[in-house]
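> Here is the input, now give the coordinates:
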Amino acid sequence: MASNFNPKPPTKPSSVPYFYGRITRDEAEEILKEQGFVEGMFLLRESINPLGNYAVSLCHVGRVHHYSIEKQTDGSYMIPSGKKFPGPVELIYHHRNQKDGIVTLLSVGCDRHPSQVPVAFRGMTYSDLEQELIRKANSIKGVNKERALGAQREHLVIMVAKDLHQKQPWYHGKIGRTESENRLSNSGHKDGKFLVRLRDDKKTFAIGISYQKDTRHYLIDKDENNKFGIQDGPKFDCIMMLVDHYHNKQDGLLRKLTEPCPSPGYNAEQLKKYMDCNVGNLDYYLMKNTRGRRPSAPMPPTPGQETPPPLPSVAKRPSLKDRLANKVGIKKRELPPTPDDAQNRLLDAGDWEGSQGNSHIGFDSRRVTLQRLGMDADRLEDIYGSVPRTLAHFDLKPDQVDLQETLGSGQFGSVCKGMCTLRSSQKIPVAVKTLKQEDCPSSQEPELLREAKVMMPLSHKHIVRMIGVCKSDSIMLVLELAPLGQLNNFLKSHKETSQANIVELLWQVAMGMEYLESKKFVHRDLAARNVLLVSEHFAKISDFGMSKALCRDNNYYEAKEAGKWPLKWYAPECVYFWKFDSKSDVWSYGVTMWEATSYGDRPYNKMKGQEILHFLVEEGRRLPKPEFCDEEVYGVMLQCWEYDKHDRPTFLEIASFMASIYRRMSQESIS
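Numbers count the residues shown, from 1 in each chain. Reported below is the predicted structural model:
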């Protein structure tokens, strides 16, 4: 590989106007949109994690592409499979003139306002950090100052950051739990206000967070590698980095950290300076940006920041559960007339168990893990999110796809783990669905290619994206890899998974379905087997072989012929009239919720055909509440299973409600 690396000292990122410091991926996208979303517009940011890496966020054809800039062992920087440069700024200079693996030239810098300084940590600018680094380097005897501030800068940052918490307004030293509660209460409760205290052992810490006018406590423990973290949370080299992380991500807390509860007697001038930089990175940008454009509309609240609107109250319209309990309001319906004789054939031959056909090939989740991939779920998402989505990139050549072990197999093909080499020479881990050419009737388009056409325009973090299609001896559909496999199989073998964790995953599924709903797509095969896990806390919807795009004139899709449909997951109108829309997907989502909260049990047990329709329609009954399922979660299921589709909620409503339930269950788990 050619190298552009040389010993010349690199340019400091903080010296260029398009560098924003440690901002999140989402904040970068919002800043670029605020600046006009111009083709080729870009900004440089430092990665939240790991320390020392950077990323460039770039506008191209109406969306933002993110490229990680990783520091190598020799001190150079490069995008994956790219050329080496002495620093991220030198890499930017190169890509302003040559694409070399990125989708378009970095032509327009998205500059900060002159008065805005890049944020190093929440409440701390890069200028402040540089002063601390210089002070630390000067205090170490015999140190090569130029090297310490250059090639070994990340090591020096960690050394400095280990003590930085002691200078922050949110650090209160060694105080007790009761005193921390008093201080938060006296300063005025506000969701997300927080403080950090040293515990009695003088080794561990605790965060006190204000939530709904009360204080919640999280233990910050230290592991065998001297890294800090809350229970089941990510680990950090120091308290400063941990607090900065939870400003940017909720990640298991009841909500993100917002503002500090200042320690008594904290310097007023320093507190004001801290608060000036403590607002969200996007808000900080907008506050400083005074170039005469109209103020942007406020960002909509993200889940975890504000309480979302609830679903329509069951007090206004009795739920199925209430009506069943009171024996009122239930109509003993006659089974609807069938369209024709094909209906009976559908009931007899339908894929009631949802297990037939190539689209249901399963992953063996024991074969591949995130640990073996050597990356975490967020890193995997960053990689996939940066893959170009153009027709040219979707057309893969055989030498771009390297098949490895088989993850699952079915009647018409198999799924393998593999590596895909993109046109930029970047190699990414993928899942590959294969279908042998001899199994494809020459008179019709293979299902795999129909699935590819559906998936091509779809891009959402909770949907398995398509990477491309390769045609050789077999047809290969190359997809994102979800290493932990199908949700139902995972939960069957991991029954220690908490219900709160399951609700978190179902919330993510609702967000993915909300995206499909907004794009006028119906999935038609939503089930726990078609929800894949990137990690225990990261779910993606898969298998779009049966999906259909709704035309502009119709809000539903009407099938012309029956197939091996997963009827146990279908709403009555799908079985009787072959009509599908987002509200029929909502019914399927309710069944998926039931599967997940019952740890992978099969719905309706051994019932089939007319038995299920009699149970659902004529008797007006529904699947019972799983043993460990939360009452409120079961209430959502019942609303998804309303007979009249107009009484079912939208996925937008479901996602908001599931977010609210997840926060409540998370709060209860730490109370």
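> can you list the weak-confidence ranges in the stretch 1-150 of the chain?
Low-confidence segments of the stretch 1-150 of the chain, defined by pLDDT under 70, are located at 1-8, 48-50, 143-150.
> can you do 80?
1-9, 48-52, 73, 80-81, 113-117, 122-123, 127, 130, 137-150 (pLDDT under 80).
> Where do the strands of it begin and end?
Secondary structure of the stretch 1-150 of the chain (DSSP state E, counting those that start in this stretch): strands at 41-46, 54-60, 63-71, 77-78, 108-109, 119-121, 124-125.
> Tell me what angle the first one forms with strand 63-71.
Relative orientation of strand 41-46 with respect to strand 63-71: 40 degrees, computed using axes from the mean of the first three to the mean of the last three CA atoms, to 10 degrees.
> and strand 41-46, what does it pack onto?
Strand 41-46 sits against helix 25-34, strand 54-60, helix 88-95, strand 108-109, with contacts defined as 3 or more CB pairs under 8 Å, 6 or more residues apart in numbering; DSSP states H and E. Yep, even glycine has a C-beta here, placed from its N, CA and C like the rest.
> Identify the residues contacting that strand?
Defining contact as CB atoms under 8 Å, 6 or more residues apart in numbering, one finds that strand 41-46 is touched by 13, 16, 18-23, 28, 31-32, 35, 53-59, 88-89, 92, 106-110.
> angle of that strand against helix 25-34?
Counting by the same axes, to 10 degrees, strand 41-46 lies at 150 degrees to helix 25-34.
> Can you show me the CA trace of strand 41-46 as PDB?
Listed next in PDB are the C-alpha coordinates belonging to strand 41-46 (Å, rounded to 0.1, in the frame of the first residue of the first chain):
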ATOM      1  CA  MET A  41     -19.500  20.000   2.500                       C
ATOM      2  CA  PHE A  42     -17.600  18.300   5.400                       C
ATOM      3  CA  LEU A  43     -16.400  18.700   8.900                       C
ATOM      4  CA  LEU A  44     -13.800  17.000  11.000                       C
ATOM      5  CA  ARG A  45     -14.500  15.600  14.500                       C
ATOM      6  CA  GLU A  46     -12.700  13.600  17.100                       C
END
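> how about the helices in the stretch 551-671 of the chain?
Using DSSP state H, counting those that start in this stretch, the helices of the stretch 551-671 of the chain run over residues 572-577, 582-597, 609-613, 631-640, 651-670.
> Tell me which of these sits most buried.
The highest average neighbour count among those, using mean count of other CB atoms under 10 Å, belongs to helix 582-597 at a mean of 25.
> what separates T421 from I654, distance-wise?
From T421 across to I654, the span is 39 Å (CB to CB, to the nearest Å).
> If you could redo that for V478, that was the one I meant.
For V478, the distance to I654 under the criterion CB to CB works out to 31 Å.
> rewinding a little: right, so of the strands of the stretch 1-150 of the chain, which gets closest to L516?
Ranking the strands of the stretch 1-150 of the chain by distance to L516, with CB to CB as the measure, places strand 63-71 first at 17.4 Å.
> and the closest one, which residues are buried?
64-71 (16 or more other CB atoms under 10 Å).
> Spatially, which two of those residues are the most separated?
V64 and K71 (22.8 Å).
> before we move on, the earlier item: of all the helices of the stretch 551-671 of the chain, which lies closest to D251?
Proximity of those to D251 was assessed by CB to CB; the nearest stretch is helix 651-670, lying at 10.9 Å.
> Can you check what angle separates the closest one from helix 631-640?
Taking the same axes, to 10 degrees, one finds that helix 651-670 is oriented at 170 degrees with respect to helix 631-640.
> just checking, what packs against helix 651-670?
Applying 3+ CB pairs under 8 Å, 6+ apart, one finds that helix 651-670 contacts strand 214-222, helix 499-518, helix 582-597, helix 631-640.
> tell me the contacts of the residue nearest the centre of the chain?
If you average the C-alpha coordinates of the chain and look for the closest C-alpha using CA atoms, centre = their mean, you land on K461, 5.0 Å from that point. K461 makes contacts with 381, 385, 540, as judged by CB under 8 Å, 6+ apart.
> Helices - which of those land there?
Secondary structure defined by DSSP state H assigns 381, 385 of the contacts of K461 to helices.
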